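Visitor: predicted structure and sequence below. I'll ask about it afterward.
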Amino acid sequence: MRTTEIGRDLVVSACIIMASVFLCSAARPLSPSDATNEDQVEFRVLSDKLVYARGESIIVTDIVVNSGQTPLHLSRCQKGASCQVGFADVKILDGNGRNVCNWGLAEDQRPWTERDVVALVSDSRLWVTIGPNEIYGGEMQFKLPDQKGEYRITGELFPPGFTEREFDILAENHIRVLRNPHEAPSVTIRVK
């Protein structure tokens, strides 16, 4: 086997292991907060490993699981970009709770009108449809700081900034989107 094939096989194996760990943890009994999860969504963040050298790069995977019975429409604007159509905010916090890996875009404009909301959410270039019990996710790469210590990876999935009328229009058209933020359980890593 060539070196690149071995590397590819290791990455595939690591992804399978991470997905298995996630699915096993998602199968846990519902907690009281899960019971009120009207969006029927699970959100997690995972790191490619737990111990890093100073200044090394980390790959953080964010995963969304649609645990509902109907498709969920989720904005593709998920990777750290603060935007009106919803986004995932992933941070790496030091021992004092300060974010040590800043990134992302600021998109404060509202690029649609109320009558455009169905067409907007139906645009597969901008939105992904996650079927019942399907998983959607992606990877982000950060450069870790040079300071030794423990760091916490946190993540929060934010809904689109739609008006109540726009949410109603989507519901009338049988289009389900996030309505509430969802916080991922944090992951602790160590830089040595």
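Guide: Nice, I can see it. Numbers count the residues shown, from 1 in each chain.
Visitor: pull stretch 182-192 out as PDB, backbone CA atoms only.
Guide: As requested, C-alpha coordinates have been extracted for stretch 182-192 and formatted as PDB (Å, rounded to 0.1, in the frame of the first residue of the first chain):
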ATOM      1  CA  HIS A 182     -29.000  23.900  20.400                       C
ATOM      2  CA  GLU A 183     -25.900  23.600  22.500                       C
ATOM      3  CA  ALA A 184     -23.500  20.700  22.000                       C
ATOM      4  CA  PRO A 185     -21.900  18.900  24.900                       C
ATOM      5  CA  SER A 186     -18.400  20.300  25.300                       C
ATOM      6  CA  VAL A 187     -15.200  18.300  24.500                       C
ATOM      7  CA  THR A 188     -12.100  18.800  26.600                       C
ATOM      8  CA  ILE A 189      -8.700  18.600  24.900                       C
ATOM      9  CA  ARG A 190      -5.100  19.000  26.200                       C
ATOM     10  CA  VAL A 191      -2.200  20.900  24.700                       C
ATOM     11  CA  LYS A 192       1.100  19.700  26.000                       C
END
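Visitor: buried stuff in it?
Guide: Neighbour counts using 16 or more other C-beta atoms under 10 Å place 182, 184, 187, 189, 191 of stretch 182-192 among the buried residues. All C-beta atoms are positioned from the backbone trio N, CA, C, and that covers glycine.
Visitor: I'd like to know how many residues surround Leu178.
Guide: One way to gauge burial is a neighbour count; for Leu178, by other C-beta atoms under 10 Å, it gives 21.
Visitor: setting aside sequence neighbours, what's the nearest residue to it?
Guide: Nearest residue to Leu178 in three dimensions, chain neighbours excluded: Pro159, at 3.8 Å (C-beta to C-beta, 6 or more residues apart in numbering).
Visitor: what ranges do the strands span in the protein?
Guide: Read by DSSP state E, the chain holds these strands, from start to end of the chain: 41-47, 51-52, 57-66, 72-75, 82-83, 87-93, 106-107, 127-130, 135-143, 149-158, 182-191.
Visitor: JSON lines please, covering these and showing mean pLDDT.
Guide: As requested, the strands of the chain are exported to JSON lines (pLDDT from 0 to 100):
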{"stretch": "strand 41-47", "mean pLDDT": "94"}
{"stretch": "strand 51-52", "mean pLDDT": "96"}
{"stretch": "strand 57-66", "mean pLDDT": "93"}
{"stretch": "strand 72-75", "mean pLDDT": "91"}
{"stretch": "strand 82-83", "mean pLDDT": "58"}
{"stretch": "strand 87-93", "mean pLDDT": "86"}
{"stretch": "strand 106-107", "mean pLDDT": "46"}
{"stretch": "strand 127-130", "mean pLDDT": "92"}
{"stretch": "strand 135-143", "mean pLDDT": "89"}
{"stretch": "strand 149-158", "mean pLDDT": "93"}
{"stretch": "strand 182-191", "mean pLDDT": "95"}
